[in-house]
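1. Take a look and give me a structure for this.
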Amino acid sequence: MGSPGEAQIRVWESVAEQFEAANEGWKVDLNFQDDDMYQTIGLPNLLNGRNAPDVYFEWVGNRLLERDADGFV
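-> Below is the predicted model:
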């Protein structure tokens, strides 16, 4: 996701730790990027890469419709 700021990053890190503790064998990798990079090249590159994310953030509207049309939703 685009970087939500240090306070929210700590929250997401805590959520990831809790998920891993409750789900043996699962590993959560958080990837925060500059908002502009995430919107323009970051997310598209991640989705089209060999190891696409299982969960990602996307804005509602046309961007989400594009992701759906491309098979990423």
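
2. just the helices in this protein please.
-> 6-22, 35-37, 43-48, 62-69 (DSSP state H).

3. which secondary element of this protein has the worst mean pLDDT?
-> Among the helices and strands of the chain, helix 35-37 carries the lowest confidence by mean pLDDT, DSSP states H and E, at a mean of 88.

4. Quick one: residues in contact with that one.
-> When contacts are defined by Cβ atoms under 8 Å, 6 or more residues apart in numbering, helix 35-37 is touched by residues 2, 3. For every residue, glycine as well, the C-beta is placed using N, CA and C.

5. spatially speaking, which residue is in the middle of this structure?
-> For the chain, the residue sitting closest to the mean C-alpha position, by Cα atoms, centre = their mean, is residue 56 at 3.0 Å.

6. Can you name the residues that contact that residue?
-> So, once contact is read as Cβ under 8 Å, 6+ apart, residue 56 ends up touching 1, 43, 46, 47.

7. how close does it get to residue 63?
-> Look at residue 56 and residue 63: by Cβ to Cβ, to the nearest Å, they are 12 Å apart.
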